[in-house]
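Enquirer: need a structure here:
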Amino acid sequence: MEEKGSGAFSLERAFNAVRRQLSLVAAIAGVVTLAGASFAMLMPNRYEGMAVVQIDPRKKTISQVDSVVEDIKGDNASIDSEVEVISSRAVALKVIDILSLRDDEEFRPPSRASQFLHAVGLGRLLPATITASPISVNSNSSRLDQDPNGTRVGRVQPGESIPERDEIAVQFLERLKVTRVRTTLLLEIKFTAGDPVKAARIANTIAEVYIAGNLSNKKEASGFATQLLEGKLAEMQQRVADAERTVAMFKSDNNIFDSEGNVLSEKEMARLMEQTVSARNATAEAKAKYENAQRLVKMPGGASTISEVIQSNSVGVLKEAVAAARKREAEFATRYGPRHPEMQKVRAEIAQAESQLAEEVEREVANLKNVYMVAERREMQLRQSLTTLKEQEAATKEASVKLLELQREAATSKQLYESLLVRYKQTSETQDLQLPDARIVEQADTPLVPSSPKRLQLTLLALIAGLGIGIGAALVLEFATPGLSHPDDVERTLEVAHIASVPAAAAGYDPLRSIRLVLADPRGVFAESVRGIRREIDMRHRTSGSRVVMIASSLPGEDTDIIASNLAHHYAITGQRVLLVDGDLRRSPLTRKFAPQRASGLLDTLARGQPVETAILHDRVSGLYFLPAMGPSPMETGRPELLGSRRMSDTIEVLKSQFDVIVIDAPPLLPVVDARVLADYADQIVFVTTWRRTPKQLARRALQCLGINHDKVAGVVMNSVAEDALEESFALGTGMGSAAPRRLARAA
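Expert: Numbering: from 1, shown residues only. From the prediction side, this is the model:
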């Protein structure tokens, strides 16, 4: 619970309930503990043999060839799988056959009574000798085999009785327990038997059978894989031969020839395409040189810048000759005149050399043109040849595609065949080179002390169970009551604050003493409860002036007269002017106890129109004023009508002007309407319930009957509370839970 008092259940209330029913809890715990101890003493001793097996996930290095079955991995799933393998029926059946456990008395099938006790969990109470006789089989019966599930099967002969399942295997597996040691690779194999030597021998045999089975499974898997590979290899060999034969026949039929794995036409086309590209580049280069030379020739002095001209040896020689002639001309010019024969001879040489140089340049340019024309013709021839070859290749394209497909199939088949052949050789050679994936770390020793039953633990569990049952019974008695039994019940069910709990002893005194108990025993628990009631209702009435406090209940017999009288007496002895009114005009309980010799009462004054002061009595000891319900003579006047009349309203106003506090003992809310009428005149209403007797539904309905006067309810008083429960209420202070202040705040 998040906060105290917020619901029906709380730890404090539960503790108090258990404390009140401590004798019941102790009795139940004792009976259950005694039964558990007896049960533990009757159980036979069981011994547990334990062998330890280690899973070895490391790769074995006898050969470098991968095995068909991989080593066990060290992950959790693999380890858990091995636990299930060791616990399997197949391992159990092998151990049973090896150790001849079918002839062991301890493993014989139980009788029907034993089977029933096993079903309800009491099978271990029976000693090993209380079992059924072995199954009798006719001497002519055939041998019985076992399927992998442990079911005994065979040909049924006349007079033969065969069980539907192997009961010995079932009992064997019930005694077997395989667990993993924390997060390691170690597995504990535990087997329980009545004989310690037998338990150890069976545990060791289980470990040995598991390891042998692991190794056998590897060898069987390798042998099976070898057989599969043999058949597959023969098939793949024939497939490869057929594929290669198909490729050769297709080439022959379609005149396809290849060289170094490539078709000749494809190689020729590739070479031709390379030559065509080279010819195209050469043509472009020759054309560019020729056009550049033509452009430079037209420019003055441009011919001398042509690269071919510059690189020509003839042009170089002619240029040197022109230069030498011009040099001599310059020398002669200093010595001779322009008409001198030597000068004319030199000029003639210069003219001849320049003419030869020009002719040589023209020949170089013409040579560039020839190179360009030759390159262009070669490119054209290569293009024509390539076009012709492409046309021929297009004619054989479909055949080439089909050939490629056949070649791929042949290559794939050959590659697969070679791979299978290698794997077959590896598997066949390493079939017997297998190591197990587990080893026995610790052999089971003969146990010296029985592993079960744990008699002390069973006794302690029985004690704990007995305490739990006893506490549960105490809580059921506390929380299953139909009435209101706790302050939390009051606040949760009625949604009204609990202001006090009154002890049950208050109703056990003589009538006159009980209604004046606050005076007779001012230091008692009851007086303290009354003081608590007054304090709570005073705190909820902050306005000044006189007030009317009505004490009401849902049903008759809830001692509202005792609560009202003692509350009024407490107000009176503190010096206030207090009037106690017996508002129950039908039963008048206070009137019969306080004033059996009265002359008149409230009913008389209302019916006859007399002043109410004429009916009020005064107690000189406590100073309390008392207004009886009616006089000694019965009256047939309608009570509700008189209580709801204008005269009653005026009477209340008169009384409020004369008294500080007016306490009205009202009749029950549910049987009659009188109390609902009186609620109209009340400033505060105290609702009284009887501890564990007032039904919750009726109490809730009684408060709902108040209608708009429900907001006047100051709180609830639980009456006739037992002493042990009263201590719990006092532990809560005023009896208000933490929910009460919130509800009061909402009401305000």
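Enquirer: how about the helices in the stretch 201-350 of the chain?
Expert: Under the criterion DSSP state H, counting those that start in this stretch, the stretch 201-350 of the chain contains helices at 264-297, 307-311, 313-335, 341-395.
Enquirer: And the third one, what's buried?
Expert: Think helix 313-335. By 16 or more other C-beta atoms under 10 Å, the buried positions in helix 313-335 come out as 315, 318-319, 321-322, 325-326, 329, 332. C-beta: built from backbone N, CA, C; applies to glycine.
Enquirer: What distance do you get for Lys219 to Ala212?
Expert: For Lys219, the distance to Ala212 equals 11 Å [C-beta to C-beta, to the nearest Å].
Enquirer: what about these two, which has more around it?
Expert: Lys219 (15 against 12; other C-beta atoms under 10 Å).
Enquirer: Apart from its neighbours in sequence, what residue is nearest that one?
Expert: Of all residues beyond its chain neighbours, the one nearest Lys219 is Gln434 (5.5 Å), with distances taken as C-beta to C-beta, 6 or more residues apart in numbering.
Enquirer: pull the CA atoms of stretch 532-546 into PDB?
Expert: The C-alpha coordinates for stretch 532-546 follow below in PDB (Å, rounded to 0.1, in the frame of the first residue of the first chain):
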ATOM      1  CA  GLY A 532     -11.800  10.900  21.600                       C
ATOM      2  CA  ILE A 533     -15.300  11.200  20.100                       C
ATOM      3  CA  ARG A 534     -15.700  14.600  21.700                       C
ATOM      4  CA  ARG A 535     -12.300  15.800  20.500                       C
ATOM      5  CA  GLU A 536     -13.000  14.800  16.900                       C
ATOM      6  CA  ILE A 537     -16.400  16.300  16.600                       C
ATOM      7  CA  ASP A 538     -15.200  19.500  18.300                       C
ATOM      8  CA  MET A 539     -12.400  19.800  15.800                       C
ATOM      9  CA  ARG A 540     -15.000  19.400  13.000                       C
ATOM     10  CA  HIS A 541     -17.200  22.200  14.400                       C
ATOM     11  CA  ARG A 542     -15.300  25.400  14.200                       C
ATOM     12  CA  THR A 543     -18.200  27.900  14.400                       C
ATOM     13  CA  SER A 544     -19.300  29.500  17.700                       C
ATOM     14  CA  GLY A 545     -22.700  29.100  19.300                       C
ATOM     15  CA  SER A 546     -24.800  26.200  20.400                       C
END
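Enquirer: worst-scoring helix or strand of the protein, pLDDT-wise?
Expert: helix 739-747 (a mean of 37; mean pLDDT, DSSP states H and E).
Enquirer: ranges for the helices of the stretch 451-600 of the chain?
Expert: Using DSSP H, counting those that start in this stretch, helices in the stretch 451-600 of the chain cover 455-479, 487-494, 511-514, 517-520, 525-539, 560-573, 589-594.
Enquirer: What is the third one packed up against?
Expert: When contacts are defined as 3 or more C-beta pairs under 8 Å, 6 or more residues apart in numbering; DSSP states H and E, helix 511-514 packs onto helix 589-594.
Enquirer: Okay, now the unreliable bits of the stretch 51-200 of the chain?
Expert: Applying pLDDT under 70 to the stretch 51-200 of the chain flags the ranges 59-72, 74, 109-165.
Enquirer: picking up where we left off before, of the helices of the stretch 201-350 of the chain, which approaches Thr246 most closely?
Expert: Nearest to Thr246 among these is helix 264-297; the distance by C-beta to C-beta comes to 20.5 Å.
Enquirer: Return the set of buried residues in the closest one.
Expert: For helix 264-297, by 16+ other C-beta under 10 Å, it's 265, 269, 272, 275-276, 279-280, 282-283, 286-287, 289-290, 292-293, 296-297.
Enquirer: try stretch 350-362
Expert: Buried, per 16+ other C-beta under 10 Å, within stretch 350-362: 350, 353-354, 356-357, 360-361.
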